[in-house]
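J.: just the structure for this:
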Amino acid sequence: MTPGMPGFAPRFPGVTLERLQSWLPTIGRVGAVVAAVVVLLVVVSRLLRWKAPRVHWCLFGFPLLRLRMRHSWRYLCLNADLTGTDRPTTGQLGPLLVKGRPIMPVLPLLTRIRPRKFGATAVILLHPGQIPDPFVNAAEAMAHAWRVHAVRVNTAQRGRVRLTVLTADPLTTDRIAEAAAWATGPPTEPAAVPSTGSAATYAAADTGGGSVAVPADLVAEVGHREDGQSWVIDLATFPHWLVTGATQSGKSTLINAAVARWAARPVALVGIDCKGGMELAPHAPRLSALATDRAEAADVLAELVAETQRRMRLCRQLGARNIWQLPAHLRPVPVVVVVDELAELYLVASRADKDEALRATTNLLRLAQLGAALGVHLIVAGQRVGSDLGPGVTALRAQLAGRICLRVNDEETVDMTLGDLYPDAVEAAQQIDPSVKGIAVTTADHAGWIRARSVYLPPDALTAVINSTAHLAPVLPGLTPPA
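T.: Numbering: from 1, shown residues only. The predicted structure is shown next:
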């Protein structure tokens, strides 16, 4: 039927064809304006994604992600069995006990959705009787529903489930672009370096204007973890670390990133590189000592053991259990000892080598046992670690609570690095992609292990950091700075 014919009943009373025709120009203008605004927003979005990714994420990416999360939450909970109920699902009918499904499912509350540089975080409040396991199992479903790279579920807090939403893989980011963030800024003044064991001489050695180390100075940010958080080597939590990785796996890159962070702190750095100093030579201007063969390593380690004895006497005099309980003006500078290629200290070819190796490895083990409370920390690295190097390797490994395993060439090294603490991490370490450098399986606080990737610091950037902080290298008693 057409308007005007008998039986025509307009859907909207009062709206005639003539009136609709009069509205067409206005509708056309509004449509053109809307289309222009949409095109403008698309262009601005593309430009911001290219020029200012973080601004684009805050203005466009995160609001859209939040909208998807809110819109799909009910369907996700119903399909993944994440709902609860406010009514009992079991009832009694005469002598029979009847069990059924809840008629009115209650959704857990999705709240505190906050933007982060890697994506977003959110908190799920559980209903009484709910457990976190279904949410852990539904992580993949959440990632698909929200169209993101991955969703990590943290169940450490009772009654709550924390979600980390990753829009991209943090381990595949451009590490070269991030190198600029490793600029340490204006260097601090050199820390006071005591040279004897008495409180009086410690006070005399204090320069008065130097910075005093605090536990936060022992934390070095070296990259990103797969959950989007920063990867840090925390010597205050884990005083000693074992790092294993084959050639071209990213082991030197990791050490460079850590040294670049510690270089600007009131921390003494000591290098032991028995491969002639090839790996640690770029750090020499900032090192308080550098041993380039096993004989020098034995002497350096012996002097460091003597330093721990002096610090032990000072702590005993003042009734302190570690250097952090000492008064600030008497607190000795922390020492970070970087040992590159551990096997060179253990392998022997003659009787003379055996005595030399025993002296070096014994002092290294003593530092691992005594150094934590006295501010002497070890970063022990090597291409492979196995029981065939000698019985002292297993004893040393037991003192190295922090573990980092990059790609290695043999299963025993993976097992020696991770197997005693994290048996389930051995398989993950064996599956590291050789084509992607810097990927590692590492200690994740006290929660277990996690995959991470170190930042890449170009040689010129590393040289700039080392040269700008060379004057901060403390002079340790008994040790000669590298020429």
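
J.: list the contacts of K275.
T.: Taking C-beta atoms under 8 Å, 6 or more residues apart in numbering, we find K275 in contact with 340-341, 344. To be clear about C-beta, it is placed using only N, CA and C from the backbone, and glycine gets the same treatment.

J.: helix, strand or coil for it?
T.: Judged by DSSP: H, G, I helix; E, B strand; the rest coil, the three-state class of K275 is coil.

J.: same thing with L365?
T.: Applying three-state DSSP: L365 is helix.

J.: which one is it nearest to, not counting chain neighbours?
T.: Spatial nearest neighbour of L365, chain neighbours left out: L396 (5.3 Å); criterion: C-beta to C-beta, 6 or more residues apart in numbering.

J.: now do the helix or strand hosting that neighbour, average pLDDT.
T.: Using DSSP states H and E, L396 sits within helix 391-399. Confidence over helix 391-399, taken as the mean pLDDT, stands at 88.

J.: CA atoms only for stretch 474-483, dumped as PDB, please.
T.: In PDB, the C-alpha atoms belonging to stretch 474-483 read as follows (Å, rounded to 0.1, in the frame of the first residue of the first chain):
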ATOM      1  CA  PRO A 474      85.200   3.300  45.200                       C
ATOM      2  CA  VAL A 475      88.700   2.200  46.100                       C
ATOM      3  CA  LEU A 476      88.400  -1.000  48.100                       C
ATOM      4  CA  PRO A 477      91.200  -2.000  50.600                       C
ATOM      5  CA  GLY A 478      93.700  -4.300  49.100                       C
ATOM      6  CA  LEU A 479      92.400  -4.000  45.500                       C
ATOM      7  CA  THR A 480      93.800  -2.000  42.700                       C
ATOM      8  CA  PRO A 481      91.500  -0.400  40.100                       C
ATOM      9  CA  PRO A 482      92.000  -1.600  36.600                       C
ATOM     10  CA  ALA A 483      94.200   0.600  34.400                       C
END
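
J.: gap between that stretch and the chain center?
T.: 32 Å (C-alpha atoms, centre = their mean, to the nearest Å).

J.: below-threshold pLDDT in the stretch 51-200 of the chain: ranges please.
T.: Judged by pLDDT under 70, the stretch 51-200 of the chain has its weakly predicted residues at 86-103, 173-200.

J.: quick one, strands of it?
T.: Secondary structure of the stretch 51-200 of the chain (DSSP state E, counting those that start in this stretch): strands at 84-85, 90-93, 96-99, 105-106, 109-116, 119-125, 150-154, 160-166.

J.: chain neighbours aside, what residue packs nearest to A401?
T.: Nearest to A401 is F238, by C-beta to C-beta, 6+ apart, at 4.6 Å.

J.: ok, L342 next?
T.: Using C-beta to C-beta, 6+ apart, the closest residue to L342 is G382 (3.7 Å).

J.: dump the residue contacts of that neighbour.
T.: Applying C-beta under 8 Å, 6+ apart, the residues contacting G382 are 243-244, 340-343.

J.: one more time with 7 Å, if that's ok
T.: Neighbour list for G382: 244, 341-343 [criterion: C-beta atoms under 7 Å, 6 or more residues apart in numbering].

J.: now, which of these lie within strands?
T.: T244 (DSSP state E).

J.: how about the secondary structure of the residue nearest to A401?
T.: Applying three-state DSSP: F238 is coil.

J.: correct me, but it touches D445?
T.: No - the pair F238 / D445 is not scored as a contact, 8.9 Å apart, by C-beta atoms under 7 Å.

J.: give me the more crowded residue out of these two.
T.: Shown here are F238 and D445; by other C-beta atoms under 10 Å, F238 has more neighbours (18 against 11).

J.: any idea how far D353 is from G271?
T.: Per C-beta to C-beta, to the nearest Å, D353 is found 21 Å from G271.

J.: which one's more surrounded, those two?
T.: When neighbours are counted by other C-beta under 10 Å, D353 and G271 differ, and G271 comes out ahead with 28 against 13.

J.: count of neighbours near the closest residue in space to that one that isn't next to it in sequence?
T.: Leaving aside its chain neighbours, G271 sits nearest to L280 (3.9 Å; criterion: C-beta to C-beta, 6+ apart). Neighbour count of L280, defined by other C-beta under 10 Å: 25.

J.: ok, so of the contacts of G382, who is nearest R407?
T.: Checking the contacts of G382 against R407 with C-beta to C-beta, the nearest one is T244 at 9.5 Å.

J.: please identify the helix or strand for the spatially most central residue of the chain.
T.: With distances taken as C-alpha atoms, centre = their mean, the residue of the chain nearest its centroid is W231 (1.5 Å). In the assignment (DSSP H and E), W231 maps to strand 230-234.

J.: now that strand: average pLDDT?
T.: 92.

J.: what helices and strands are in contact with it?
T.: strand 219-225 (3 or more C-beta pairs under 7 Å, 6 or more residues apart in numbering; DSSP states H and E).

J.: what about R403, which SS state?
T.: Assignment for R403 (three-state DSSP): strand.

J.: circling back to that earlier point, with the contacts of K275 in mind, which one is nearest to S468?
T.: For these, the nearest to S468 is D340 (23.0 Å; C-beta to C-beta).

J.: contacts only, for the closest one.
T.: 272-273, 279-280, 381 are the contacts of D340 under C-beta under 7 Å, 6+ apart.

J.: partner strands of the strand holding W231, with direction?
T.: Strands that pair with strand 230-234, judged by DSSP bridges, come out as strand 219-225 (antiparallel).

J.: ok, and what's touching the partner strand?
T.: 170-171, 173, 230-234, 236, 254, 257-258, 261-262, 438, 444, 450, 452-455.

J.: for that strand, what is the average pLDDT?
T.: 91.

J.: what angle separates it from strand 150-154?
T.: 130 degrees (axes from the mean of the first three to the mean of the last three C-alpha atoms, to 10 degrees).

J.: could you measure from L163 over to P170?
T.: On the measure of C-beta to C-beta, L163 and P170 end up 16 Å apart.

J.: circling back to that earlier point, next, the buried residues of the strand holding W231.
T.: Across strand 230-234, burial judged by 16 or more other C-beta atoms under 10 Å covers 231-234.

J.: hmm, back to that, which of the contacts of K275 fall within helices?
T.: E344 (DSSP state H).

J.: between the contacts of K275, which is nearest A357?
T.: E344 (9.2 Å).

J.: these two touch, right, that closest one and D273?
T.: No - E344 is beyond contact range of D273, at 8.6 Å (criterion: C-beta under 7 Å).

J.: could you check which of the two has the larger neighbour count?
T.: Neighbour totals were compared for E344 and D273, and D273 leads with 24 against 19 (other C-beta under 10 Å).
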